[in-house]
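# All I have is the shape, not the residue letters:
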């Protein structure tokens, strides 16, 4: 039985990756929007701080974007199984998971290693010019090793979260090991009547880990495919979904810095719980999208779907481009053009190069994953 693809969730994943790109660009060149310190500001009147303390920070709230990506991934991992009850889907997905993720990681890390050997990383001097030394200066500031790159690419990022060459690889461990957690729960627990108690216990155990998001995505998928009449009534309640949407946007836009909320719309919250606010907001938001057709149509627009199509490659590639070309461009032109004009052009050019390279990776690198999946399928099929 074929399952209908939820294109709008791919669109949401694309949006999440764009936000991660914008986050790293802002942190690199407008660190005042995150740090709230005047010495890191570049806009007139320290507007950087006002923007960072407003709901506009949602457009560069990388912590929220990563939680969004992980929750959606957790939701989609076992959706086919919940729709069909076919455990072979879980087995096939588990067999292919490593080869689905690894080739693009290896190719991008190899390019990063070459760029480091050629001295093309300009993030340290660019950080001094931008006032973002506390964040941007330390990346890739070591002597590259081909063997070390291979170790990180082939198993280090998957098993241990190692991300020296490509800082974004910390999520690969969650996407890899977290997927097997979700597969196991779907295969062995999902038919039990009292599984929700187990989910509660497991959620508490994962509370202080980054695996919580991908696990909760799975739990949401189980909930949305449970045949309870009251669930269907709740999911069909437009006022409730409107409230979930509003709550989701409110908590998703909670600034990531962990301080400086006095006088903002988040100042009424009693405690600073950045990750949990973001995860809660993402769960509310995704639930609303799953139940509201206007939102589904919006996130199914061509631009969102395109970014969703290249999202994995874009996620892996964007920081490489920012720390090489983006940093070089700022250093070369910020005095001649003025900082803000140079940064605007930098954003356009860095974004365009990132999309172009991501498209090439989608066409020529990611298919290596699919070829590996076919090979694994034949091996296991022969047995």
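Here it is on my side, so go on. Since this is a predicted model, take the numbers as computed values, not measurements. Numbers count the residues shown, from 1 in each chain.
# Show me what secondary structure element comes after the longest helix seen in the chain.
As assigned by DSSP state H, the longest helix anywhere in the chain is helix 87-117. Sequence order places helix 123-130 as the next helix or strand after helix 87-117, per DSSP states H and E.
# hang on, the earlier thing: which parts of the longest helix of the chain are buried?
Neighbour counts over helix 87-117 (16 or more other Cβ atoms under 10 Å) mark 89-90, 92-94, 96-109, 111-113, 115-116 as buried. Quick note: C-beta positions are derived from backbone N, CA and C, even for glycine.
# ok now that helix, how far from the chain's centre?
From the chain centre to the centre of helix 87-117 is a distance of 16 Å (Cα atoms, centre = their mean, to the nearest Å).
# Quick one: mean pLDDT for it?
Helix 87-117 shows a mean pLDDT of 95.
# what do you get for stretch 133-144?
The average pLDDT within stretch 133-144 is 96.
# just stretch 64-72 next, same as before
On average, stretch 64-72 scores 97.
# Any idea how many residues pack against residue 161?
16 (other Cβ atoms under 10 Å).
# give me the element it is part of.
Of the helices and strands defined by DSSP H and E, none includes residue 161.
# residues contacting the residue positioned nearest the centre of the chain?
The structure's the chain has its C-alpha centroid closest to residue 66; by Cα atoms, centre = their mean the separation is 3.2 Å. By Cβ atoms under 8 Å, 6 or more residues apart in numbering, the residues touching residue 66 are 16, 20, 171, 213.
# Name the next helix or strand downstream of the helix or strand where it lies, please.
Using DSSP H and E, residue 66 maps to helix 62-77. Downstream of helix 62-77, the next assigned helix or strand under DSSP H and E is helix 79-84.
# Could you check how far the closest residue to residue 79 other than its chain neighbours is from residue 81?
Spatial nearest neighbour of residue 79, excluding adjacent residues (Cβ to Cβ, 6 or more residues apart in numbering): residue 221 at 5.5 Å. From residue 221 across to residue 81, the span is 9 Å (Cβ to Cβ, to the nearest Å).
# Confirm for me that residue 166 is in contact with residue 108.
Yes - applying Cβ atoms under 8 Å, one finds residue 166 in contact with residue 108, separated by 6.3 Å.
# Please state the offset of the helix holding residue 66 from the chain centre?
Remark: helix 62-77 is offset 6 Å from the chain centroid, using Cα atoms, centre = their mean.
# swap in stretch 340-357?
With Cα atoms, centre = their mean as the basis, stretch 340-357 stands 20 Å off its chain's centre.
# Could you pull out the buried residues of it?
Neighbour counts over stretch 340-357 (16+ other Cβ under 10 Å) mark 342, 343, 346, 347, 350, 351, 353, 354, 355, 357 as buried.
# where are the low-confidence patches of this structure?
For the chain, the stretches with pLDDT under 70 are 1-3, 372-383.
# all strands of it, in order?
For the chain, no strands are identified by DSSP state E.
# could you list every residue that touches residue 306?
Taking Cβ under 8 Å, 6+ apart, we find residue 306 in contact with residue 14.
# ditto for the one 10 residues further on
Contact criterion Cβ under 8 Å, 6+ apart gives 104, 105, 108, 166, 168, 169, 361 as the residues in contact with residue 316.
# before we move on, what about residue 351?
The contact partners of residue 351, by Cβ under 8 Å, 6+ apart, come to residue 21.
# Residue 343 versus that one, what's the distance?
12 Å.
# give me phi/psi at residue 78?
Backbone dihedrals for residue 78, given as degrees, to the nearest 10, come out at phi -110, psi 10.
# Tell me how many other residues crowd it.
Residue 78: 24 surrounding residues under other Cβ under 10 Å.
# what's the answer for the one 4 residues further on, then?
The burial metric for residue 82, expressed as a neighbour count using other Cβ under 10 Å, is 19.
# returning to that earlier point: out of the contacts of residue 66, what pair is the most spread apart?
Pairwise distances across the contacts of residue 66 peak at 14.0 Å for 20 and 213 (criterion: Cβ to Cβ).
# re earlier: how about CSV for the contacts of residue 316, with distance to residue 53 added?
As requested, the contacts of residue 316 are arranged in CSV below (distance: Cβ to Cβ, whole Å):
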residue, distance to residue 53
104, 36
105, 36
108, 34
166, 30
168, 26
169, 30
361, 36
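# Pick out the most distant pair among those residues.
Farthest pair in the contacts of residue 316, by Cβ to Cβ: 169 and 361, 15.0 Å.
# Contacts only, for the nearest residue to residue 142 once chain neighbours are set aside.
Leaving out its chain neighbours, the residue that sits closest to residue 142 by Cβ to Cβ, 6+ apart is residue 164, at 7.0 Å. For residue 164, the contact set (Cβ under 8 Å, 6+ apart) comprises 140, 142, 148, 152.
# tally of neighbours for the last one?
In this case it means residue 152. Other residues lying near residue 152 total 25 when counted by other Cβ under 10 Å.
# Please apply the same query to the third one.
For residue 148, the neighbour count with other Cβ under 10 Å is 17.
# Look up how far residue 274 lies from the nearest residue to it once chain neighbours are set aside.
Closest residue to residue 148 apart from its sequence neighbours, by Cβ to Cβ, 6+ apart: residue 164 at 7.3 Å. From residue 164 over to residue 274 the distance is 25 Å, taken as Cβ to Cβ.
# now do residue 366
Distance, residue 366 to residue 274, using Cβ to Cβ: 32 Å.
# Also residue 130?
Taking Cβ to Cβ, one finds residue 130 at 24 Å from residue 274.
# Name the residue in these two with the higher neighbour count.
residue 130 (26 against 15).
# give me every residue that touches the more buried one.
Contacts for residue 130 (Cβ under 8 Å, 6+ apart) come out as 28, 29, 30, 31, 40, 42, 136, 330.
# Now the buried members of the residues you listed.
Of the contacts of residue 130, these count as buried by 16+ other Cβ under 10 Å: 28, 29, 30, 31, 40, 42, 136, 330.
# Nice, that's everything, thank you.
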